[in-house]
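Visitor: Here is my input; please provide its structure:
(2 chains)
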Amino acid sequence: MTRPGFVLEVDDRTPPLVVHEGLGFRLEEFPLGTRVVYPPESLPAVDDVEGTIRNALLDPVDSDPLPELLFAGMKLTIAFDDLSLPLPTMKAPDVRQRVIEQVLTMAAEAGVDDVEIIAANALHRRMTPAELRHIVGERVFRSFHPQGKLYNFDAEDRANLTHLGTTDEGEDVEISKRAAESDLLVYVNLNLVAMDGGHKSVGIGLASYKSLRHHHNAHTMVHSRSFMDHKKSAMHQSAWRMGRIIKEHVKVFQIETTVNNDVFPKPYEFLQKREWEWSVRDQASMLAARRGLALAPQKLRHKIFHDMRAPYGLTGVSAGEVEGVHEQTLERVHRQHCVEVDGYSDVLVMGVPYLGPYNVNSSMNPILATCMGLGYYFNSYRNHPVVRRGGAVILYHPLDEGFNQLHHPSYVDFYEEVLAETTDPAVIGEKYERQFAEDPWYVHLYRTSHAYHGVHPFYMWYWAAHAMDHVGDVVWVGGDRRVASRLGFRAASTLADALEMVSGSVGTSPSITYLHNPPHLLADVRV
Amino acid sequence: MMLALEMFRSLPRTVAGKAMGSRMPGLLSGFAAPLRLVTIEEPRVDKPGWAPLRTRLSGICGSDLGMLSGRTSLYFSALVSLPFVPGHEVVAELTEDVDDLHAGTRVVIDPVLSCAARGVEPCESCAAGRTNVCSRITVGDVSAGLQTGFCHDTGGGWGQQLVAHRTQLHPVPEGWSDEQAVLVEPIACAVHTALRAGVRTGDRVLVSGAGSVGLFATLALRELTPAGEIVVVAKHPHQRELALELGASDVVAPHEVLRRIRRTTGAFQLRPEFSSPYLLGGVDVAIDAVGSSTSLETALGATRAGGRVVLSGMPAAADLSAAWFRELEVVGTYASSRSEPTGEGAFETALRLAAHPAVEQLAKGVASYPLHRWREALDHAHSTGRLGTVKVAYDPRSSR
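Guide: Below you'll find the predicted structure:
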């Protein structure tokens, strides 16, 4: 029986609690009365993965079964979520591989021979062949990649984009030409958190900057409360408007998969257990990990963490019409992540781990750390932020990983040039976004190397715009002071120092909530 | 008799300078430079137009430091007459009347010893007003020397007295401090640099270096040319502020320069094996105001194909592949000319620019030393950027 998430109130008997901080973690003693939000335990995984997928394809939501949509001579495109999902990377075989293999089997049975498989990476970096192989599996990779039928989407390949029209709000809808001209577009999603999936899949994953700029901006993000709640997210509303335009032109068969909270493999399972329930073996593992990480050089720590493969279990598959499918998906995601939290607090504490969607096999640079803390984690709420307006956010991360020049070249310029001038997301967007988005060098690196698009750091900063707008103070515990200052924040050595620093805005006895994340959680704040 | 610092011939010191000058310039100029404090006869040139002057202030230039630390090319050895008293950035006062100028007049000196000063028929360059590239600088009434401060017969500003020809003298406007006046010569060089840079309307210009040469070049570019964006490379915070006050659009640290130029120009950046990165594309004009191989290679690597690279600092050896491959115009700019493309001499223009409020402010930071503290002065001059100074000078009148 899976135990639900809950809120612990720290008392005299509470042991020190795990707080993630980049390539490591610490055990923190929180002030008495601190609320600690724990995610639900992992939902049980389905036993018969192949059968669950087959059932979803044969008995879809608001759609004919997949085999009935396939016919000889048709043009079939299969798109799939890229390496930004799930986090950490899933232990092989990836569930997308198992779905794609079944879709290809059905296509072969129907005599379909014009099939292309596209990684829906939008403005993310191109995946390497090894990364593609990990997601789609050896068999699919060998059958399609050498012929150029399995590839990364290129949002800057003007000749292979199609403008489908504009929404009532004047938003351009421009997506992959191959997808737009296919008789059927099958989208294979891996829905890790509530913001994923739905019309975001095709409408964002296969879209160009011309489309994305309408919802990936500071204004939209400030009005997405939160972007983990698609009905209250201006970004999702825009994506949904676009999705309906896509639906008018393209037949989309959406396949959404959900996984449980089994994030940490052996011997790190203790990180997803509640600390007072650690066995002797867990405590020994924790001590060994802490001692080992303390002694290891940064490169080794990076390797240890980034080599982790999560033993996720599949919790369900839904297929068919996009919106109907997504309703079912969200129900499962909420069951796995939602925790009821009674009211908000003065201070929100979060540990930023080593990994986010944009540093898989790469570095968690300061901009990505900000995006992870003030973007993804801060927005992990429904109804109301976990912290009050004007309150304080305390984050843990050393901010010391630097920039990966291969993956994040435009981030360096963003950090050195743009953030040196201002940290206001709206001003930044107005003054610099277009320059970076159209820079021919960034475009070149995005298309031919493994670089995120030139505009990507702006999106990361916009992701944090709602938090920056909502809270008064942001302090990084253990963060590099110069880096924190460049980001427009402050750094403290300890939690006590951080609380002292924010006492001007929240008083000396603030209410504190700590989100014990990862594994993922979604705070359902009741006000 | 007078007190002066004298550069003399010393094989051991010159060899030491060659061997170690680039690594330990401060140590060399302080303790092993071929320079000594001496008491010598006042210089005298008994020819028409020559007059004696008493030095009030004389700056230490980058080329002086290069010479003392053995970094200067031996190319120049044929253009000087040892021993000599260095110092070519000079503000002094006449001790006798000369032509229309009376004794006591405070003047700055255009140090170039051209045909007129040497009493020979004007060479082709001098006849055209391009006195800085005079072809007769080794002959005539005074001994060989490309400038005052490199010539045995004239003396230089690092002595209590020197002599100069009337054609070299420019009266200092009333109300100016000596510190402001001593900046006129480097500003005149910057005027010449800016006008040699061939800047067209809206051109993007990179100034590599924010010592006095780079800062004054920035001022001259902004005031005398239709340059668009001027990006200055500066190491130190005070240089950054001064560059912005003098007309820079943007100031970048040395490690940022290629990245910043690449972004503003939309250039592509390449990284060759075992070598520094460079751009395909870049600024229209780059000015090397340092003279190091790194600075020159940065300028070459950051300039677009067909652009112009101006050598303002005395250049070091550098990889010229970019000049060939990108068909760059590499232009030298030496001292200043009495007839610039603006129609007036560089010194006349410099006297106007030196009245700029930012220069007035900058003049207040000129650090002056008496001659007997010459080692301290040279150490300070080697570290001006780090110590927040733009110019270090000798005040031969001072005893403390």
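
Visitor: In contact with A:Leu58: list those residues for me.
Guide: With contact taken as CB atoms under 8 Å, 6 or more residues apart in numbering or on different chains, A:Leu58 is in contact with A:Pro65, A:Leu66, A:Pro67. C-beta here means a position set from N, CA and C on the backbone, and glycine is covered the same way.

Visitor: What mean pLDDT does stretch B:321-328 get?
Guide: Looking at stretch B:321-328 alone, the average pLDDT works out to 96.

Visitor: what helices or strands is the biggest strand by length in chain A leaning on?
Guide: In chain A, taking DSSP state E as the definition, the longest strand is strand A:387-396. Contact partners of strand A:387-396 among helices and strands, from 3 or more CB pairs under 8 Å, 6 or more residues apart in numbering or on different chains; DSSP states H and E: strand A:345-351, helix A:465-470, strand A:473-477, helix A:495-501, helix A:503-506.

Visitor: redo that, cut-off 7 Å
Guide: strand A:345-351, strand A:473-477, helix A:503-506 (3 or more CB pairs under 7 Å, 6 or more residues apart in numbering or on different chains; DSSP states H and E).

Visitor: got the angle for the second one vs strand A:387-396?
Guide: Going back to what we said before, that points to strand A:473-477. Orientation of strand A:473-477 against strand A:387-396 (axes from the mean of the first three to the mean of the last three CA atoms, to 10 degrees) gives an angle of 20 degrees.

Visitor: Over to the first one?
Guide: With the same axes, to 10 degrees applied, the angle from strand A:345-351 to strand A:387-396 works out at 30 degrees.

Visitor: From the contact counts, what lies against the next helix-or-strand element following strand A:345-351?
Guide: Beyond strand A:345-351 on the C-terminal side, the first helix or strand identified by DSSP states H and E is helix A:366-370. The elements that helix A:366-370 packs onto, with contact taken as 3+ CB pairs under 7 Å, 6+ apart, are helix A:456-463.

Visitor: Averaged pLDDT, the helix or strand following the longest strand of chain A. What do you get?
Guide: Scanning forward in sequence from strand A:387-396 by DSSP H and E, the next helix or strand is helix A:409-413. Averaging pLDDT along helix A:409-413 yields 95.

Visitor: And helix A:409-413, what does it pack against?
Guide: Helices and strands touching helix A:409-413, as assessed by 3+ CB pairs under 7 Å, 6+ apart, comprise helix A:440-448, helix A:456-463, helix B:257-265.

Visitor: most surrounded residue in the contacts of A:Leu58?
Guide: Tallying neighbours with other CB atoms under 10 Å in any protein chain shown puts A:Leu66 at the head of the contacts of A:Leu58, with 24 neighbours.

Visitor: Excluding covalently adjacent residues, which one is nearest to B:Gly87?
Guide: Residue nearest to B:Gly87 in three dimensions, not counting chain neighbours: B:Gly157, with 2.7 Å by CB to CB, 6 or more residues apart in numbering or on different chains.

Visitor: Tell me which residues touch that neighbour, please.
Guide: Taking CB atoms under 7 Å, 6 or more residues apart in numbering or on different chains as the contact definition, B:Gly157 lies against B:Thr55, B:Ser58, B:Gly87, B:His88, B:Glu89, B:Val90, B:Gly149.

Visitor: and with 8 Å instead?
Guide: With contacts defined as CB under 8 Å, 6+ apart, B:Gly157 is in contact with B:55, B:57-59, B:85-90, B:92, B:109, B:148-149, B:394.

Visitor: could you say which helix or strand contains it?
Guide: For B:Gly157, there is no enclosing helix or strand under DSSP H and E.

Visitor: Look up phi and psi at it.
Guide: Taking degrees, to the nearest 10, you get phi -70, psi -10 for the backbone angles of B:Gly157.

Visitor: measure it to chain A for me?
Guide: 41 Å (CB to the nearest CB, to the nearest Å).

Visitor: Run a quick neighbour tally on A:Leu206.
Guide: The local packing of A:Leu206 (other CB under 10 Å) involves 29 other residues.

Visitor: ok, and the nearest residue to B:His236 once chain neighbours are set aside, which helix or strand is that part of?
Guide: Taking CB to CB, 6+ apart as the measure, B:His236 lies nearest to B:Gly385, with 4.7 Å between them; neighbours along the chain are not counted. Mapping B:Gly385 onto the secondary structure by DSSP H and E places it in helix B:384-387.

Visitor: Show me the contact partners of that helix.
Guide: With CB under 8 Å, 6+ apart as the contact definition, helix B:384-387 has outside contacts at B:Ala210, B:Gly211, B:Ser212, B:Lys235, B:His236, B:Gln239, B:His380, B:Val390, B:Lys391, B:Val392.

Visitor: what about B:Pro12, distance to chain A?
Guide: Counting by CB to the nearest CB, the gap from B:Pro12 to chain A is 47 Å.

Visitor: That residue: what's it in contact with?
Guide: In this structure, B:Pro12 makes contact with no residue, judged by CB under 8 Å, 6+ apart.

Visitor: any idea how far it lies from A:Gly351?
Guide: 65 Å (CB to CB, to the nearest Å).

Visitor: go on, A:Ala130?
Guide: 30 Å.

Visitor: For the two, indicate the residue with more neighbours.
Guide: Between A:Ala130 and A:Gly351, counted using other CB under 10 Å, the more crowded position is A:Gly351 (26 against 9).

Visitor: Could you list everything the more buried one pairs with in the sheet?
Guide: A:Tyr396 (DSSP bridges).

Visitor: list the contacts for it?
Guide: When contacts are counted by CB under 8 Å, 6+ apart, A:Gly351 touches A:Val18, A:Val19, A:His20, A:Glu21, A:Phe25, A:Leu395, A:Tyr396, A:His397, A:Asn517.

Visitor: change it to 10 Å
Guide: For A:Gly351, the contacting residues are A:17-22, A:25-26, A:28, A:373, A:377, A:394-397, A:477-478, A:514-518, taking CB atoms under 10 Å, 6 or more residues apart in numbering or on different chains as the criterion.

Visitor: likewise A:Gln147?
Guide: For A:Gln147, the contacting residues are A:Glu116, taking CB under 10 Å, 6+ apart as the criterion.

Visitor: Okay, domains of chain B per the record?
Guide: Using automatic domain parsing, the domains assigned to chain B come out as B:2-182+B:366-394, B:192-332.

Visitor: Can you give me the first-to-last residue distance of the last one?
Guide: Across domain B:192-332, the terminal residues are separated by 10 Å (CA to CA, to the nearest Å).

Visitor: Quick one: end-to-end length of stretch B:154-165, please.
Guide: End-to-end distance of stretch B:154-165 (CA to CA): 9 Å.

Visitor: ok, back up a step: filter the contacts of A:Gly351 to the buried ones?
Guide: Buried positions within these, assessed by neighbour count (16 or more other CB atoms under 10 Å in any protein chain shown), are A:17-22, A:25-26, A:28, A:373, A:377, A:394-397, A:477-478, A:514-518.

Visitor: Show me which residues of chain A sit near chain B.
Guide: Contact residues (CB under 10 Å from any CB of the partner chain) of chain A with chain B: A:405, A:409-410, A:412-414, A:416-417, A:420, A:432, A:435-436, A:438-445, A:454.

Visitor: residues in contact with B:Leu183?
Guide: Here B:Leu183 is in contact with B:57, B:59, B:89, B:91, B:108, B:176-177, B:190, B:212, B:215-216, B:350, B:353-354, B:359-360, B:362-363, B:366, B:390-391, B:393 (CB under 10 Å, 6+ apart).

Visitor: Tell me how far it lies from chain A.
Guide: Taking CB to the nearest CB as the measure, B:Leu183 falls 31 Å from chain A.

Visitor: how near is that residue to B:Gly214?
Guide: Spatial separation of B:Leu183 from B:Gly214 under the definition CB to CB is 14 Å.

Visitor: Overlap in contacts, these two.
Guide: Taking CB under 10 Å, 6+ apart as the contact criterion, the residues that touch both B:Leu183 and B:Gly214 are B:Ala190.

Visitor: for the helices and strands packed on strand A:387-396, which one ends up most surrounded?
Guide: Among those, ranked by average contacts under mean count of other CB atoms under 10 Å in any protein chain shown, first place goes to strand A:345-351 (a mean of 26).
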